[in-house]
Every structure is written in C-alpha cells, then in structure tokens.
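1. got a structure for you, letters missing:
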C-alpha cells in the first residue's frame, strides 16, 4: 500500500495563486508521503495544454525527489459534464478528458479519477438537473468513448463516488463498472464522500477488487441539526474496525504475516497486541 496526497491539499501561495506544483512535490516528500496525486487543470503547469516535454520534466523531478506519480484527478467535468444535455458540451468534455489522460500518461500515471455523469451538484448552481436515466445512458456512452484512449495511453479510468447525485449505492456502482466488461475501469472509492448517504463498509464489501484507488478523509454528520463537517482522519464518525480480520499477540506476528502472504482470504488486516 502506498500513502499519497492530492495537489489540492496544498494551500495557495501568498499572492492567491495556486500552490507551486514542484514545491508541493518536495513538501509532500518531506512529510513522508509515498506518492502524489497530480491534478490536470484548465491552465497551469499541468493542464490540458501541457506538452509531453513539460510533463516529462515534472516526472523526472518527482523521480529525483523519490515520490511516485501514480494517480491524477481533474475538476474540469464540473464545468463540462460528459452527461450534459447538450451533445456539443458532452463532446468537448470527452475530448478534454482524453487529453487529460494523455498528459497523465506522460507523467507516468496509470490511473485517473473519473466523473462520467452528474445529475446535479449543490456547488454547481447553474447546472440544470438532468434526468437520472439519461445521465446513466450518457455516462455509459462517455466511458465507452474513452476506453480506446485509456487502452492506447495505458491509463485506467477510476469512477469516483462524489456528490453528483449519481451512482448513489454500491450496487449501482458495481453494475455500472461491470457493464463495460473491461479491466480499464474501476472504482476510485472516496471514504468520506459516502457517509452522507451510506456506510463505507457496505461499499468496500460490495465493490471488492473493483476498487483500484481510495481517497481517505473523515466526516462528521449531525443528523439532528442537519449539518456536517469534514474532519481529520480519526476525528470523525467513520468506523474502521470492520477492516480488522484478526487480532493477535505480538508473539504470533510471524505466523500472521505468513497467513497474509499466502493470500488466505480470511486474513486481510491483522492488528498486533503488545500485551501491555
């Protein structure tokens, strides 16, 4: 397992401009992260206009620092959704994502976060809500159109569960992914995003190996007051104890590790107790 951090986690510079990407890479490494999630923007060092030479320069700097670039994300689909009612907008959204995947491949990235459809979103107030069934159809068409590019550049599509009022249950997400019968699409599971309307453990059990990447953040929902807040990991209400399959005394660590290494299905997460 590799622990990483997303570029959006870094605050803007003193003049209000976005964080310097190369400085963020260096800071992430200093903080002890194994990898870094790049974001493909409309403008900036890594954007849809980035050249191969520019991307490979960033890749070399990451390699020099010893921090891996394995995933990418983009917020561009909020402005131009692949499931928009306007076919011209849908076409532009697909072309933009194809370009973002290509730029990601030049960085050495193998998985890109995807939001193929949106019914509506509270933080996109000008977007007219779309019929759910139509969004599903258009999202499938968008992914189908993107798969040839994904294969060509070697970047897997990872569909995120996010507040787009689409694919609201793990059963829907599983069926959506399975409908393509392709190893090039999986789930980018966001633990915090699902708490508003579900339970992370349900999604993890249902999606299983379809989950190719995970976003981790904590969340606190006040159901009585109808309010919520994002929290630091361990400070919210997300229960991680369901992940633990075995608890062993420290003296049995070697045997526990052997069982885990042998890929025995029941041995998924072992917690060692020191006896104190």
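-> Received, thanks. Everything numeric in this text was worked out from a predicted model, so none of it was measured.
2. quick check, residue 219 in a strand?
-> Yes: the assignment for residue 219 (DSSP: H, G, I helix; E, B strand; the rest coil) places it in a strand.
3. Please report phi then psi for the spatially closest residue to residue 155 that is not a sequence neighbour.
-> In this structure, residue 155 finds its nearest non-sequential neighbour in residue 101, 4.6 Å apart by CB to CB, 6 or more residues apart in numbering. C-beta here means a position set from N, CA and C on the backbone, and glycine is covered the same way. In terms of degrees, to the nearest 10, the main-chain angles of residue 101 are phi -70, psi -40.
4. same check, this time on residue 112
-> Main-chain dihedrals, residue 112, degrees, to the nearest 10: phi -130, psi 130.
5. Verify the stated contact: the residue nearest to residue 155 with residue 151.
-> No: at 10.4 Å, residue 101 does not count as touching residue 151 under the criterion of CB atoms under 8 Å.
6. Tell me the strands beside the host helix or strand of residue 212, with direction?
-> Per DSSP states H and E: residue 212 is located in strand 211-215. Strand 211-215 has its sheet partners listed here by DSSP bridges as strand 185-190 (parallel).
7. Now do the buried residues in the partner strand.
-> Of the residues in strand 185-190, those with enough neighbours to count as buried (16 or more other CB atoms under 10 Å) are 185, 186, 187, 188, 189, 190.
8. do the same with stretch 58-73
-> Burial within stretch 58-73, assessed by neighbour count using 16+ other CB under 10 Å, is assigned to 58, 59, 62, 67, 68, 69, 70, 71, 72, 73.
9. can you give me how far the helix or strand hosting the second one is from the chain middle?
-> Pointing back at residue 59 there. Element membership of residue 59, judged by DSSP H and E, is helix 52-65. Taking CA atoms, centre = their mean, to the nearest Å, the mean C-alpha location of helix 52-65 is offset from the chain mean by 22 Å.
10. how far off helix 52-65 does the helix or strand that comes right after that helix point, in degrees?
-> Next along the chain after helix 52-65, taking DSSP H and E as the criterion, comes strand 68-73. Direction vectors for strand 68-73 and helix 52-65, defined by axes from the mean of the first three to the mean of the last three CA atoms, to 10 degrees, enclose an angle of 130 degrees.
11. what's next to strand 68-73, contact-wise?
-> For strand 68-73, the external contacting residues (CB atoms under 8 Å, 6 or more residues apart in numbering) are 2, 4, 6, 8, 34-40, 58-59, 62, 100, 104, 107-113, 158, 213.
12. Flag the shaky bits of the stretch 51-200 of the chain, pLDDT-wise.
-> Filtered on pLDDT under 70, the stretch 51-200 of the chain yields no residues whatsoever.
13. Run through the strands of it in chain order.
-> Along the stretch 51-200 of the chain, counting by DSSP state E, counting those that start in this stretch, strands occupy 68-73, 111-114, 156-160, 185-190.
14. my read: residue 110 touches residue 154, true?
-> Yes: with contacts defined as CB under 8 Å, residue 110 counts as touching residue 154 at a distance of 6.4 Å.
15. what residue lies at the spatial centre of this protein?
-> A centroid search over the chain (CA atoms, centre = their mean) returns residue 188, at 4.1 Å, as the residue closest to the centre.
16. if we can go back for a sec, I'd like to know how many residues surround the residue nearest to residue 155.
-> Here the count is done by other CB atoms under 10 Å, and residue 101 has 24 residues near it.
17. do the same with residue 150
-> Other residues near residue 150 number 22, with proximity taken as other CB under 10 Å.
18. isn't it right up against residue 142?
-> No: under the contact definition of CB under 8 Å, residue 150 does not touch residue 142, with a separation of 11.9 Å.
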